[in-house]
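Novice: sequence unknown, structure follows:
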């Protein structure tokens, strides 16, 4: 009887441990500590302002250069870029129906627009929105930002590439450990702020070495702005230097939010 009882006890313990391990593997927040992987620090944010946003915009890229917002909207046959401010009438350029507009950024007087699967980057005059030239790259185009000298580009993987704005030559590359589907990007103060496709968080990534310094959970803003579905995802990050905050929005969101994010600590490196 004692042998049978011990066997039953051992069997129950094995089932319990198996269940615990399964739950830990199913929940990233539990699995990371279990296997010694550090948890990404959560950064607080403060809501500073709200403004109306175009509910017809399938937002891909968002840039703010006072007093104007520049925004790209995707989808085949519906893509466009626009330049607007609360005080000025909107300028809009329709993109060819064969192209799916993606990330957007500014260097100097030029506006750079990625496309999804065509390997085409279009360069526009930022004042007139007149198309100036077209460049080509391999792979997909997702998010785009700039450090003022180089284009910083994502392709939906865990890689971020720094490219020459004149030739698109790759100057260097970061591989971000533990993050894939990197999408919209914004650069400021040696940090690349990135969102992920179908993720309600924005991640702070060191532009020097690719370390993940922290993340901002914006689920509350998404739920505040829209009824979540498969298309109404977070997308659009634009830094406002004057107000030291980030304008954030999403696809088909009726609202654009200005938030100030807690400064991430460079002592954390994931």
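Specialist: Arrived safely, thanks for sending. All of these numbers come straight from a predicted model, not from anything done at the bench.

Novice: so what pLDDT did residue 56 get?
Specialist: Here the pLDDT value assigned to residue 56 is 92.

Novice: what's the separation between residue 212 and residue 156?
Specialist: According to CB to CB, to the nearest Å, residue 212 and residue 156 sit 18 Å apart. (C-beta placed from N, C-alpha, C; glycine too.)

Novice: settle it for me: which of those two has more neighbours?
Specialist: Each of residue 212 and residue 156 has its neighbours counted (other CB atoms under 10 Å); residue 212 has more, 21 against 18.

Novice: looking at it, the more buried one is touching residue 179, isn't it?
Specialist: Yes. Counting by CB atoms under 8 Å, residue 179 is a contact partner of residue 212 at 6.7 Å.

Novice: tell me where the model's unsure across the stretch 101-250 of the chain.
Specialist: For the stretch 101-250 of the chain, the stretches flagged by pLDDT under 70 are 227-229.

Novice: quick one, strands of it?
Specialist: 101-107, 110-115, 120-125, 131-136, 144-146, 151-154, 159-163, 170-175, 182-188, 191-196, 201-206, 212-217, 234-240, 245-250 (DSSP state E, counting those that start in this stretch).

Novice: quick one: the last one to strand 191-196, angle?
Specialist: An angle of 10 degrees separates the directions of strand 245-250 and strand 191-196 when computed by axes from the mean of the first three to the mean of the last three CA atoms, to 10 degrees.

Novice: any idea how far strand 245-250 is from the middle of the chain?
Specialist: 11 Å (CA atoms, centre = their mean, to the nearest Å).

Novice: same question, the shortest one
Specialist: Here the centre of strand 144-146 is set off from its chain's centre by 11 Å, with CA atoms, centre = their mean.

Novice: related to what we said a few turns ago, compare the strands of the stretch 101-250 of the chain and give me the one nearest residue 72.
Specialist: strand 101-107 (4.1 Å; CB to CB).

Novice: relative to residue 59, how far out is the residue nearest to the spatial centre of the chain?
Specialist: Most central in the chain under CA atoms, centre = their mean is residue 195, positioned 2.3 Å from the mean C-alpha point. Residue 195 sits 11 Å away from residue 59, going by CB to CB.

Novice: which residues are common contacts for those two?
Specialist: Contact with both residue 195 and residue 59 is made by residues residue 235, according to CB atoms under 8 Å, 6 or more residues apart in numbering.

Novice: how about the residue nearest to the centre of the chain, what does it touch?
Specialist: 143, 183-184, 201-203, 234-235, 237.

Novice: now residue 111
Specialist: 63, 70, 81, 104-105, 123-126, 129.

Novice: could you list everything it pairs with in the sheet?
Specialist: Beta-bridge pairing of residue 111 under DSSP bridges involves residue 106, residue 124.

Novice: what's the closest non-adjacent residue to residue 266?
Specialist: residue 213 (6.6 Å; CB to CB, 6 or more residues apart in numbering).

Novice: and the residue lying closest to residue 129 once chain neighbours are set aside, what's its pLDDT?
Specialist: Spatially, and ignoring its direct neighbours in sequence, residue 129 is nearest to residue 93 (4.7 Å; CB to CB, 6+ apart). Note for residue 93: predicted pLDDT of 96.

Novice: what about residue 93, neighbour count?
Specialist: 19.

Novice: my guess is it meets residue 80, correct?
Specialist: Yes. Counting by CB under 8 Å, residue 93 touches residue 80, with 6.2 Å between them.

Novice: quickly note the distance from residue 148 to residue 157.
Specialist: Residue 148 is 25 Å from residue 157, by CB to CB.

Novice: show me the contact partners of the helix or strand containing the residue nearest to residue 129.
Specialist: Using DSSP states H and E, residue 93 falls within strand 91-94. Residues outside strand 91-94 that contact it (CB under 8 Å, 6+ apart): 79-84, 124, 129, 131.

Novice: for ChimeraX, what selects the buried ones among these?
Specialist: Applying 16 or more other CB atoms under 10 Å to these, the buried members can be selected in ChimeraX as follows:
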select :79,80,81,82,83,84,124
